Structure formats: C-alpha cells, structure tokens
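Engineer: Test case, fold it:
(2 chains)
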Protein chains: 2
Amino acid sequence: MRTSIATVSLSGSLTEKLNAAARAGFDGVEIFENDLLASPLTPEEVRDRCADLGLTIDLYQPMRDVEALPAEEFARTLRRARHKFELMRRLGADTVLVCSSVSPLAVDDDALAAGQLARLADLAQDFGIRVAYEALAWGRHVSTYDHAWRIVEAAGHPALGTCLDSFHILSRGSDPRGIEGIPGEKIFFLQLADAPRLAMDVLQWSRHHRCFPGQGGFDVAGLVRHVLRTGYDGPLSLEVFNDVFRQSDAGATAVDAQRSLRLLQEQVGLTAPPAPVVPTGVAFAELVTPDAEPVAALLGALGFARTARHRGGKPVDLWQQGQARVLVNTGTAARREGTHLAAVGLESPDPAGAARRAEALLAPVLPRRRAPQDAPLEAVAAPDGTELFFCATGREALPDWRADFPAAGPGAPRATGVRRIDHLSLTQPWHHFDEAALFHRSVLGLRAQESVDVADPYGLLRSRAVTNADGSVRIVLTVGPAPADDTAHAQHIALATDDVVAAARRFRAAGGRLLPIPANYYDDLAARHEFADGELETYRELGILYDRDTHGGVFRHCYTHTVGRVFFELVQREGGYRGYGAQNAPVRLAAQHAVRALTGG
Amino acid sequence: MRTSIATVSLSGSLTEKLNAAARAGFDGVEIFENDLLASPLTPEEVRDRCADLGLTIDLYQPMRDVEALPAEEFARTLRRARHKFELMRRLGADTVLVCSSVSPLAVDDDALAAGQLARLADLAQDFGIRVAYEALAWGRHVSTYDHAWRIVEAAGHPALGTCLDSFHILSRGSDPRGIEGIPGEKIFFLQLADAPRLAMDVLQWSRHHRCFPGQGGFDVAGLVRHVLRTGYDGPLSLEVFNDVFRQSDAGATAVDAQRSLRLLQEQVGLTAPPAPVVPTGVAFAELVTPDAEPVAALLGALGFARTARHRGGKPVDLWQQGQARVLVNTGTAARREGTHLAAVGLESPDPAGAARRAEALLAPVLPRRRAPQDAPLEAVAAPDGTELFFCATGREALPDWRADFPAAGPGAPRATGVRRIDHLSLTQPWHHFDEAALFHRSVLGLRAQESVDVADPYGLLRSRAVTNADGSVRIVLTVGPAPADDTAHAQHIALATDDVVAAARRFRAAGGRLLPIPANYYDDLAARHEFADGELETYRELGILYDRDTHGGVFRHCYTHTVGRVFFELVQREGGYRGYGAQNAPVRLAAQHAVRALTGG
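Structural biologist: The predicted model follows:
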C-alpha cells in the first residue's frame, strides 16, 4: 500500500521534511498547516517540490472546531473553509481533515453536526476536495470513531467520509472490530500512531508521546487488519507528535518511520519481505582503539590469548578464551572517539538471508569486503553506528569468518574460565532509543524486554535488553539522561563464567583492577539475604555484586576498570537468572563515577 | 523551623549532596538509602561529615513493605530491620520512615498492620529509634494519611508515629484539614513536595515530576498551616524526585530548595523577611558586546540616540528613545558569548529594600559599586546570570542612576515612536526553568503566568511570563528543547509603540532589516480575520504579525534581524491585549531559522 507521513512527525523546515520523507521512500505526505505557514515556499512551489520528489500531498488539516456550531459561527467557518480550499487547490491536495470539535460553542446535536458537515462537503466538492471527519479522543461531543461514522452516515454526502486514527481509537480503549462495519470507500483516510501505555491525560499523551507503530504498547497491526477488511485502499499514514522526534535528525526519523510501516505491512500480510534470521550467538566483539597497549593488558589479565592476526596484514588481532572472541583493531581508530566497541559479529545460520532482511527493512548495508583479500562478510549498521556482521563460526556449509585469522598463537596460558560473551551493552544516541529497540526486533528478530530506569548519580538512565530465545544473544541498549551525555556512559562486554569468584581472583592475580564496591553495599546484602559462612566476605573482598530474582535465580558479577569508553564485566548466572543486575546498577555507576573523579578520567 | 532535604533531591555523590545542602543553609538531611550504599564513606564517616557541616541526619528510609504481612515474611522483615537499626545507630539517625506496603503479600487488615508496626517500634526503641509510618498514595491497602494515622493510633506505641507527605496527600485530593485531628507529638516527620497538576499515573507523577513548594500547583502552604496547628515542631523536609534535578548542579538546586522553604515559612507566618518591593518599570536594558558597531547601527535605525556616556570613562553608552533606555557596554564583553543581554535595570520604589528582600531569599547580591566613582547601585544575579539592578529614574527622594551618565548628545533626530520597553525575553538554562519563575515571584514579587509550549522547527520551547500588576514590567522566561540548545535561542527586547506600522517603516527607511515573514502566513490571516482595505497588504509588506485575543485585544508586532544573541521587537498593544503573540511564535522562529540558514549565522 501507499505510505505517507505527516510533516509534523519530522524535525526542521518544510523543505527538510519533504526531502527526508522522499529519501526514506514515502509515497506521500500530510502537510501540517504550521509547516506551510512558516515556509517561504508558495503553495505552488510546495506542490512542485513534492511532485519532483515523487510525493503526493495526501492530506491537509487547516481547520478545527467546524461542526455543530451556532449559525453565525458556522458562517465564519465556511468563509474560512473557502480560503483554505482555494489554498488546497494551489497545493494540489484533495483531502481535508476535519477533527471533531473541542469548541465550547459546539452543541451536542448529531443532526446539526451532520447537516453542517454536509454543507462543508458541498463547498469542498466545488473544489474537487473530499472531507474526512475524525473523532478526536478528547472531542467535546464526538470522541469515538463509531460516533463520527454515524454522523458521516447520517450526512450521506459523497464528498464526506471518515478518517480513522489508531491513537484516538486505541487510547480510549475502543473496540476496533466495529471498524469492519464501515464501508471501505467511506474511510477516506487512515492515520497511524502507536504510543507507550501511559496513565496520563490523553491530550498530553497524544501531543508529546506518540511513536511509530511497533514502538509503543498499542496493537496497531490488529487495527489495520480490521481496516483492510473493509476494502480501504488509501495510504497508511503516520501522524506522530513526539517531543524527541521534533529535535531529531529528520532523515533518521523518516527512515525509522518507514521501517515501522514496512514491518506493519509484513505483520498484516500485505507484504512478504525476507524472513528474519535470528542470530544464534555472538561470534565476536570488535574494539577499535588508537592504542592497543591498555586493551591488550586488560584482555591478557582477563585470561584472553592473542591467537591470531588478520592475514591481510591489517592491524586487527583476534583475542580468544573459550568461545569468547574479541577483535582489537588499531587500524581505523578515530582518535577523538578513543577505545570503543565498534562492531559485533553475530552467529547467523544464513548470513545472506540476514542481510536481505536487513536491507528490506532499510538498515544501511555495509560493503561486503573491507579489503580485496578479505572473505566476504555481510554487515549492516545499527542506529547507533555499531557495525553488525552476520557470520558463521565452524559451520560446515558456510564460510568461516576466521579464515581471515589464521591461528598464530597458543591458547591462553592463564585462562580465567571465561566461556563466552554473555551480553553486550551499547550506549544509544539520545534521540534514537525507541528506534534502536524496533531495529533489533524487526531486522534481527530479537525480542525486546521491558525498558527500565536506572538511577545514575547524575541523572536517570534508561535501559532495555533485546535477546534471542535461548539468551545466547543478549544486547542491552542504554541511553543517558540528556543529549550531552551521549558518550559519557561507557559500553561494556560481559563475559560468562561458571565461577565468577575464581575468575575475579585470577584476573586480580594477573594484575587486573576490579571496580571497588563500597562496604555499605555488603552491609545491605547481609540485611537482605542469608549467606554461607565466608561467602559475603569473599564478595566484599573482590567487589562482586549479587542479585537474586523472585524465582531463586542468582546473578554474581564484577567489573574491570574502564579503557576509553569500554569496560568488561565477569558474570555468573545460576538457577535460570535472566536479568542483568539492574538493581545493582546505581551502585556500579556511582563507583565508576568515583573512580573517574579520582583519576580525572 | 528547622529545614531539611532528602539527598535524593540533589544530584551527585553523597559527599557532593551533603556539601550542597550545608552551603545552602539546611539544618538537616534525609539520607536516601541508595546514596549511602553507593558511597565509599562508612556510616561513621557520614555521621562525622554531617556533624562537621552542621547537618543532622533527620530521617533514614531503608525498608519497604513492612506491615500487614504473613508471619514468616514479617520475621524476615524484623531480621532486616535489626540490621538497619544497627546501621542507623552508626549513622546517628533516630527516625526511620516506613511507607505503607505495596507488596502483593500484604493483607487488608488494620489490626495486623498495627500489631506488626508496634512490634517493629518495640525493636526500634531498643536502638533509640522512632518509627514514622506514612501512607503512600499508591499503597496497596493504606493510601491516605487518615488511614495511616488510624493504624498508628490503634498501635498505641510511644515509638510509633506518623509521617505526613504533602505530595501523597495532595496528589490524591485528600482534604488536609483532617490533619488537625492528629496530635502534633504523634507527627514524627513532615515531608514536603509540590508538583505540577498533571493528569497522570500517580506513581510516575511522584517519581519524576515533583518539584519544590511554590513551583507546582499544590497548596503546600495551606497544608503546612494545618500541620503547624497540631503543634508539630519537627523539621520541614523536602523530598523531591525530579528527573531534571537529578542532572542539575547540586549547589544551585539546594539554593533553589532552600529559597522555596524560606518563602513557604513566610507564607505560613513562621518568619517575616523584608517584604518584596515590586518593580514599577524597566529603567534600562544593558547589552554587553565585543563590537559596538552593529549594535549601534541597529539602535540608530530603531530611532534611538546615543544621549550619554558613562562619566567614569567606562565604555558604556546610554541610548535612549522615549522612556526606553539601552546601555551598550563594550568593557566586559566575554568574546565567547558575543552580544547578549547582560543586565536589566528595574525601577524600584525602594532599591535598598528590594536588595534586602533578595538577600533574604538567597539571591546572590552583587557588589554595590562597579567602580570607585560609580553611584551605588543595588544589584542581584538572577538564576540565568542576568544582573538585576534596583534603581530609580527621576524620583525626588532617591539617587538617580543616570547621575553616572551626564547628558552628552541630543535626542534622537529620527525617533520611530518607541515609548518604552514593553518586555524582555530571557533564555533560561535548561535545568533551571522552574527555579527562574519561583525566583522572580519570590524575590521580585512578580506574578507568573501559565507556562506555554511553543513549536520551534527543531523542538518544543517552553515559555512563561512574569509581570507586575500593571504590565509595566514584563519578563518572558524561555527554555529550549534540550541542554545543548541553551544558547541557541536568542534573547530579545520588545519596544512599545503606538503605531507599529509607522515605526517599522521608519526603521526600514533608516536602513534597518525586518525579519521577513512568509506570504502563507498572511493568506492564513485573511482566512481567519477580516481586515480593512489595504491593512493586510501593509502587514505583508513589512512583516508585521497579528494576533487577536478572545476579548478583542489586538497585538501587532515585527522583528529586527539578530545581532549576536539579541534581536528587537516592535510591538503595539490595543484593547487591553496582555499576551505576547505566542500563536505567531512558530512562524517567527521558523523565519529566524531560515535567515540563519541563509547567512550561516
């Protein structure tokens, strides 16, 4: 189906919005009136610009409080409408949206509303325009879609139909099944928005917290299925008021928006893009660093051995312990960024299929070969810029990415018992947190867990994990309290062990520095749980944190010092523990701040 | 009365929080458990640090879900409580807060709750500790203060009392008059927080949007009056969970917090600081600039004349037209800041009294003389750093600030009809918007109007005016969409005229550049209002914006180009119009962005 987006959903000038919508592959736009009023382009220039960009103008919304008015008021409305229909003719827009009135002058009289809407439709018809009447969730007398439809039906005018808006319908908890009772040709327009489930005033909720389908808590796909059964064949159009999107780069937001519609169309069976290929493990994490020395020292103390170097002579080393593999790349280091986690290799049963899925969902596909002699590797960029490689390790039918890394060194002489990468924590750009979760769900087929707030001493962080079914891929997406803090919070690699105490001791014996945890934390643990003799003293000595879930699952974990933006965590999961120790995060964050304050780092 | 603040209300490490609270003049603190757990200080070191700073530890809150539990669960609670009372002894804290349970295990049984709380109080008594039981607004079975008090009364234990929290009481709409039925000696603690009136889930409201008394929509002072009538003589303690305060400088937040309590104590008659001296006009606005040339050109085109220069030889010129006066200071320009509005002279009937009021409410008082030969001027710094001078112009009993500016030049040869400064718009630091409004209300005695959202192409702005009764002082406080935009949005000086069309024409004739407004805006005006012949064409030609309020008041206004961070507005008010043309702000902001995009500025 055709896809459309309201200009109010994007940041910037009207020109910037139109360019972004076209580049992201939208077929049309709804023009928000204030965007036009504030633009130096004439309506004719806007029309031509849209045509050049391959965009139709699917909807214009210049009027409020139109129907069920006293006669004198309604006469003024018609006067205004004439001006606006004239403008729409210049714009080349043929559908006008009329929302149910919120005016204190409006009367609770459906017959009057129907009559006045029919008169408006009469006038519109003269200009070749159709009127789409929509129930605002906070409309004064008309606030449900079925009520709006009854009025449209009563008016019985060919140029009058209804507009359905998923936010207005789902935020009120209306049953969307009734939509199927509306003839498809009388649904003149369909606006789509999702929203997080918030118990707040619906007007504020609508104006500030809408998001793209799949990013919130509404069953938007379910609603669209009902609409499609009516025979509706107009556009799927996104109208999203969101404080964050207003500030974000319009190009990225438009891609995010178009991706949400592609996923929606797949969900309702309109399209069949390549199916997601869910990754089955983490093949490697790649650190880019301007200075390999501190990274090598840290990996060495953690018990990793430098087992291979890139055969093409690129300055990339492979460090390994058990099934945990870390690439250290000193070749492309942007000095300004310092040491950071730049890429993740995901074990894929079908790397080419995974890349096709990613491309269909608008993930930027990266060049398959990084150098002429490299093995081809499928890769895409995540919204935070992390490169995701789809690769295979030791599978018969697929080329092994390690072909580029012929074994060079012996295994780790002082392995600490690390078995594999447990999870990766990636800091997200402030404006793209919801986008990131939708990306990992739709492109990679991962599941998103609930978002949690974590108190840092200097502001609240938000954190959300995306995982595969068996937990062999776990990525924690984290966002700081404000744009300025985008890079203040570190990324990390958590390493799975069967015995975190032994691993921590060996790390320390090898010269590694563990993050010191305040004694008060252990006094509190003693108050909350009972421990075997000496157990708590061991944790206290090493700085091991402890969490127990409601099912008796236990998590023990400790942290290394930080190099650049990256630190490591050693973790031990028992009894089916599935979390990440969020309860301990404030203590860990405060301890890291304390270290930074001491070292000035 | 003694004042106290919960450490959770402030940003940073525990040490930073304690320092900030002490510096702002608090007598005590509530220590939030996570702040202690995350601190490297031992409880004894915290106790000593507080003593050194002159702070008592008034409350500790280490337990949740304490009462009305099954026996086995309650035994665990007592075990935990013993640990925590031991810790409180080390801390030197003698009151423990217990909030009503939210546990799914809690039973709806007041007798059980009373019995278990009495047993907890027994244990507490052994440690010299008192238990203060408080109703959480979202408590499972106990959610109102009177219910909590009935349970405390039934328990009848000397070491058990109640804690009142203004947020929990007022957010539920409980009638606070019933507080007077509680004996003052059984109110063990009083926590105060205000909050904006939001229709949202009370838990989210409480955790993210509390603010200091006077900054929100609750009648906190009214509640405190009821509490005082009981004979309560414990501290007034602020417990404010706020996402913004978590990120803000702790020192500034603590001063803001203490100011709110000083104002509250004045409101309830506990103290009588010097009364506010409401300013009666704007004596001058002072621009600081590294380059006087463009400012002089702009003022000249606006019809101002350079009428005087500072007699001490300081590079400060006085420009004047009618009663509008602008000082241009090239002496202290921080090059990095560029041209900005650095100071405002407020006409004061009692400058010394105004300064005493400001000092009593913790406004930073600036040196009275800026140079040995200067006339003494009372001045304080606003939260955004703007210097506010309390001064007199042409009053018999008071020294005239213009004594430092002996008349040097003739009046304006090409005056444009500017009569006075209509209003000033000051950009606020992102984290201090609520603080700024409370400052202007409490220190200057101005009235704050409702806060409004204004859509800029790149994010929502918030804007709030503070004014005196007759509108002769109007200051518009504005905050950008994100911290990074603190200085992106310009400050401005609006100049009152009786004929904005004539003023605009003269400005343009003198070489001034008016902000171009898109033609689409005027097409919309034509649709919305009827105008006399030629009227709209005049506005269109000059870039004059138009607004009409619901009482028929009319506002015409236009904008100059921007120099540094400052631009001017020419305004004409008619028919009692009291606003600022907020409806037109999105168009103006977009037009300014368009100019910047063209000029690269």
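Engineer: which helices and strands sit right next to the helix or strand harbouring residue A:594?
Structural biologist: Under the criterion of DSSP states H and E, residue A:594 resides in helix A:585-599. In terms of contacts (3 or more C-beta pairs under 8 Å, 6 or more residues apart in numbering or on different chains; DSSP states H and E), helix A:585-599 is packed against strand A:452-456, strand A:459-467, strand A:554-563, helix B:33-37. C-beta here means a position set from N, CA and C on the backbone, and glycine is covered the same way.
Engineer: in the next helix or strand after the third one, what's buried?
Structural biologist: Going down the chain from strand A:554-563, the next helix or strand is strand A:566-574, by DSSP H and E. When burial is assessed from 16 or more other C-beta atoms under 10 Å in any protein chain shown, strand A:566-574 yields the following buried residues: A:566, A:567, A:568, A:569, A:570, A:571, A:572, A:573.
Engineer: Any chance of CSV for those, columns distance to residue B:256?
Structural biologist: Shown next, in CSV, are the buried residues of strand A:566-574 (distance: C-beta to C-beta, whole Å):
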residue, distance to residue B:256
A:566, 37
A:567, 35
A:568, 40
A:569, 37
A:570, 42
A:571, 41
A:572, 45
A:573, 44
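Engineer: In TSV, list these along with pLDDT.
Structural biologist: Output for the buried residues of strand A:566-574, formatted as TSV (pLDDT from 0 to 100):
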residue	pLDDT
A:566	94
A:567	96
A:568	98
A:569	98
A:570	98
A:571	98
A:572	98
A:573	98
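Engineer: Whatever helix or strand residue A:389 lives in pairs with which strands?
Structural biologist: Assigned by DSSP H and E, residue A:389 belongs to strand A:387-391. Neighbouring strands of strand A:387-391 in its sheet, by DSSP bridges, are strand A:340-347 (parallel), strand A:378-381 (antiparallel).
Engineer: Any idea which helix or strand in chain A has the lowest mean pLDDT?
Structural biologist: helix A:202-208 (a mean of 75; mean pLDDT, DSSP states H and E).
Engineer: Check which helices and strands it sits against.
Structural biologist: helix A:166-171.
Engineer: List of residues touching the helix holding residue A:594?
Structural biologist: Helix A:585-599 has contacts (C-beta atoms under 8 Å, 6 or more residues apart in numbering or on different chains) with A:454-458, A:461, A:463, A:490, A:515-518, A:521, A:545, A:559, A:561-562, A:567, A:581, A:601, B:13, B:34, B:37-40.
Engineer: Filter the residues you listed down to the buried ones and hand me the ChimeraX line.
Structural biologist: Of the contacts of helix A:585-599, the buried ones can be selected in ChimeraX as follows, counting by 16+ other C-beta under 10 Å:
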select /A:454,455,456,457,458,461,463,490,515,517,518,521,545,559,561,562,567,581 /B:13,34,37,38,39,40
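Engineer: hmm, back to that, tell me which helix or strand comes right after the least confident helix or strand of chain A.
Structural biologist: helix A:220-229.
Engineer: Averaged pLDDT, that following helix. What do you get?
Structural biologist: For helix A:220-229, mean pLDDT is 98.
Engineer: Pull out the buried residues from that helix.
Structural biologist: A:220, A:221, A:223, A:224, A:225, A:226, A:227, A:228.
Engineer: In contact with residue A:222: list those residues for me.
Structural biologist: Taking C-beta under 8 Å, 6+ apart as the test, what residue A:222 contacts is residue A:176.
Engineer: Quick check: it vs residue B:508, distance?
Structural biologist: To residue B:508, residue A:222 is 59 Å away according to C-beta to C-beta, to the nearest Å.
Engineer: again with residue A:136
Structural biologist: Taking C-beta to C-beta, one finds residue A:136 at 43 Å from residue B:508.
Engineer: Disregarding flanking residues, what is the spatial nearest neighbour of whichever residue of the stretch 251-400 of chain A sits closest to chain B?
Structural biologist: Of all residues in the stretch 251-400 of chain A, the one sitting closest to chain B is residue A:253 (12.1 Å; C-beta to the nearest C-beta). Excluding its sequence neighbours, the residue lying closest to residue A:253 (C-beta to C-beta, 6 or more residues apart in numbering or on different chains) is residue A:245, at 5.1 Å.
Engineer: Now do the contacts for the one you found.
Structural biologist: Here residue A:245 is in contact with A:9, A:10, A:11, A:253, A:431 (C-beta under 8 Å, 6+ apart).
Engineer: Turn these into CSV, including neighbour count and secondary structure.
Structural biologist: Shown next, in CSV, are the contacts of residue A:245 (neighbours: other C-beta atoms under 10 Å in any protein chain shown; DSSP: H, G, I helix; E, B strand; the rest coil):
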residue, neighbour count, secondary structure
A:9, 28, helix
A:10, 31, coil
A:11, 25, coil
A:253, 29, helix
A:431, 22, helix
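Engineer: quick check, nearest of those residues to residue B:495?
Structural biologist: Residue B:495 lies nearest to residue A:11 out of the contacts of residue A:245, by C-beta to C-beta, at 32.3 Å.
Engineer: Give me the pLDDT value at the closest one.
Structural biologist: For residue A:11, pLDDT reads 91.
Engineer: Quick check, it in contact with residue B:457.
Structural biologist: Yes: Residue A:11 lies in contact with residue B:457 (C-beta atoms under 8 Å); the separation is 6.9 Å.
Engineer: following the strand holding residue A:389, which helix or strand comes up?
Structural biologist: strand A:418-427.
Engineer: residues of that following strand that come out buried?
Structural biologist: A:418, A:421, A:422, A:423, A:424, A:425, A:426, A:427.
Engineer: which among the residues you listed gets closest to chain B?
Structural biologist: residue A:427 (16.4 Å).
Engineer: quick one: the closest one and residue A:490 touch, right?
Structural biologist: Yes: in this structure residue A:427 lies within contact range of residue A:490 using C-beta under 8 Å: 7.3 Å.
Engineer: joint contacts of the two?
Structural biologist: Common neighbours of residue A:427 and residue A:490 (C-beta under 8 Å, 6+ apart) are residue A:565.
Engineer: And the pLDDT at the residue nearest the centre of chain A?
Structural biologist: Most central in chain A under C-alpha atoms, centre = their mean is residue A:435, positioned 1.9 Å from the mean C-alpha point. Note for residue A:435: predicted pLDDT of 87.
Engineer: which other residues reach the helix or strand harbouring it?
Structural biologist: Per DSSP H and E, residue A:435 falls inside helix A:433-444. Contacts to helix A:433-444, defined as C-beta under 8 Å, 6+ apart, come from residues A:211-212, A:214-215, A:244, A:252-253, A:256, A:259-260, A:262-263, A:276, A:278-279, A:346, A:354, A:357-358, A:361, A:363, A:380, A:382-384, A:388, A:428, A:446-448, A:451, A:462, A:464, A:466, A:475, A:477, A:479.
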